[in-house]
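In: Quick one: sequence plus predicted model below, questions after.
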Amino acid sequence: QDAQKDGIFAGLSSGLVGAIIGSKLYRLNRNSTLICGIATGVLAGYQFTQVFLASNLARLRAEQMHIGTAKASVPVIEENSTA
């Protein structure tokens, strides 16, 4: 869900920037600017969501591997030892 929120935010901001660039730099009319902003926002939002999801999953896997190796390296102490 965090990846989706980040992707939506990135898509909205990219769409806004795309619309501003389309209207000011390329001097597109209103409808073309709107289509440019929506297309830019949707595509950028999708790409950012995929990247954030992959990043979060990689971090989770690394944490699981770290926890797994930490459990394996803990010495086992027996209670019935005769010393």
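Out: Perfect, thanks for sending it. Numbering: from 1, shown residues only.
In: longest helix in the protein, by residue count?
Out: Longest among the helix segments of the chain by residue count, using DSSP state H, is helix 30-72.
In: Tell me the confidence at residue 27?
Out: The score at residue 27 is 92. That number is its pLDDT.
In: again with residue 61
Out: On the pLDDT scale, residue 61 gets 90.
In: In contact with it, which residues?
Out: Residue 61 makes contact with no residue, according to Cβ atoms under 8 Å, 6 or more residues apart in numbering. Glycine gets a C-beta too; all of them are placed from N, C-alpha and C.
In: Which residue is the nearest non-sequential neighbour of the residue most central in space within the chain?
Out: Residue closest to the mean C-alpha point of the chain, counted by Cα atoms, centre = their mean, is residue 52 at 1.4 Å. The spatially closest residue to residue 52, leaving aside those adjacent along the chain, is residue 3, at 3.8 Å (Cβ to Cβ, 6 or more residues apart in numbering).
In: these two touch, right, the one you found and residue 59?
Out: No - Residue 3 is beyond contact range of residue 59, at 11.1 Å (criterion: Cβ atoms under 8 Å).
In: Neighbour count for these two, which is higher?
Out: Per other Cβ atoms under 10 Å, whichever of residue 3 and residue 59 has more neighbours is residue 3, with 17 against 10.
In: low-scoring pLDDT stretches of this protein, where are they?
Out: 70-83 (pLDDT under 70).
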